[in-house]
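Asker: requesting a structural model of the entry that follows:
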Amino acid sequence: MGQGDEKDRVVINVGGIRHQTYRSTLRTLPGTRLAWLAEPDAHSHFDYDPQIDEFFFDRHPGVFAHILNYYRTGKLHCPADVCGPLYEEELAFWGIDETDVEPCCWMTYRQHREAEEALDSFGGGPAEGGTEDVEGDAADTIDGDDELEMTKRLALGDSPEVRTGGLWQRWQRKMWALFEDPYSSKYARVSPGSSETVMCCLRHMSV
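Answerer: Residues are numbered from 1 along each chain as shown. Here you go, the predicted structure:
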């Protein structure tokens, strides 16, 4: 390898995992955070350790591997083991447009959005013009604000109704049907693996 290539090399430590690439590779996507890293004055704008010649970012290392691969191959894939909202936040941090996600991964990436929309509709009462409800409980409605609060408490696991019944009993029937019976309502049929995605979104909403 020539001396010019050595000078072009850059080491990026993300979450404790070291990655090596070339500044010329990072420049393939102008306007992104990593493209700025390739600028001559990057050392003064980022967390840089001159002793080991390394940039450091306290971000998700698994997601970054896919981000860096996008610069190398021009194809942005979505990791299957990462929650959609987390991946969305990482894309925003690195300055990557979510519409660049490859078609083969787009549905996986969008799954959390669909689940959140289903939760919003579920929490706000029956859909417009819809008459279906779990176990005929349509008349037993709850105020939208109360349901949003209950959703957050369910995610945190600290709702007093969990122990005393009442409001929780009505939610329990709905949630069981949503997760266990894929034909109980249109929300339960959002997409394959919707139960895992909904629970992931519940946890994300509680933060």
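
Asker: other SSEs contacting the longest helix seen in the chain?
Answerer: Across the chain, the helix with the greatest residue count (assigned by DSSP state H) is helix 103-123. Counting contacts by 3 or more Cβ pairs under 8 Å, 6 or more residues apart in numbering; DSSP states H and E, helix 103-123 packs against helix 84-94, helix 144-156, helix 194-205. Just so you know, the C-beta spots here come from the backbone N, C-alpha and C atoms, and that holds for glycine as well.

Asker: now it: buried residues?
Answerer: For helix 103-123, the neighbour count (16 or more other Cβ atoms under 10 Å) marks 105, 108-109, 111-112, 114-116, 118-119, 121-123 as buried.

Asker: go on, stretch 55-64?
Answerer: By neighbour count on 16+ other Cβ under 10 Å, the buried set for stretch 55-64 is 55, 56, 57, 59, 60, 62, 63, 64.

Asker: and these, which two are the farthest apart?
Answerer: Of all pairs drawn from those, the greatest distance, 18.1 Å, lies between 55 and 62 (Cβ to Cβ).

Asker: lowest-confidence helix or strand of the chain?
Answerer: helix 161-164 (a mean of 48; mean pLDDT, DSSP states H and E).

Asker: which residues does residue 31 contact?
Answerer: Contacts for residue 31 (Cβ atoms under 8 Å, 6 or more residues apart in numbering) come out as residue 95.

Asker: which SS state does it fall under?
Answerer: coil (DSSP: H, G, I helix; E, B strand; the rest coil).

Asker: could you list the low-pLDDT ranges of the protein?
Answerer: 1-4, 123-207 (pLDDT under 70).

Asker: what do you get if the cut-off is 80, keeping everything else the same?
Answerer: Scanning the chain for pLDDT under 80 picks out 1-6, 108-207.

Asker: I'd say residue 35 and residue 29 touch.
Answerer: Yes - at 5.6 Å, residue 35 and residue 29 qualify as touching, with contact defined as Cβ atoms under 8 Å.

Asker: about what we covered before: nearest to residue 93, out of the buried residues of helix 103-123: which one, please.
Answerer: Nearest to residue 93 among those: residue 109, at 15.8 Å, using Cβ to Cβ.

Asker: return the residues in contact with the closest one.
Answerer: 78, 84, 87, 88, 98, 101.

Asker: try it again with 6 Å
Answerer: The contact partners of residue 109, taken as Cβ atoms under 6 Å, 6 or more residues apart in numbering, are 78, 101.

Asker: next one: it from residue 99, what distance?
Answerer: Noted for residue 109: a distance of 10 Å to residue 99, by Cβ to Cβ, to the nearest Å.

Asker: then residue 61?
Answerer: Counting by Cβ to Cβ, the gap from residue 61 to residue 99 is 24 Å.

Asker: just the ones of the buried residues of stretch 55-64 in helices?
Answerer: 62, 63, 64.

Asker: hmm, back to that, which of the buried residues of helix 103-123 sits closest to residue 5?
Answerer: residue 105 (31.9 Å).

Asker: hang on, that closest one packs against residue 77?
Answerer: Yes - taking contacts as Cβ atoms under 6 Å, residue 105 lies within contact range of residue 77: 5.1 Å.
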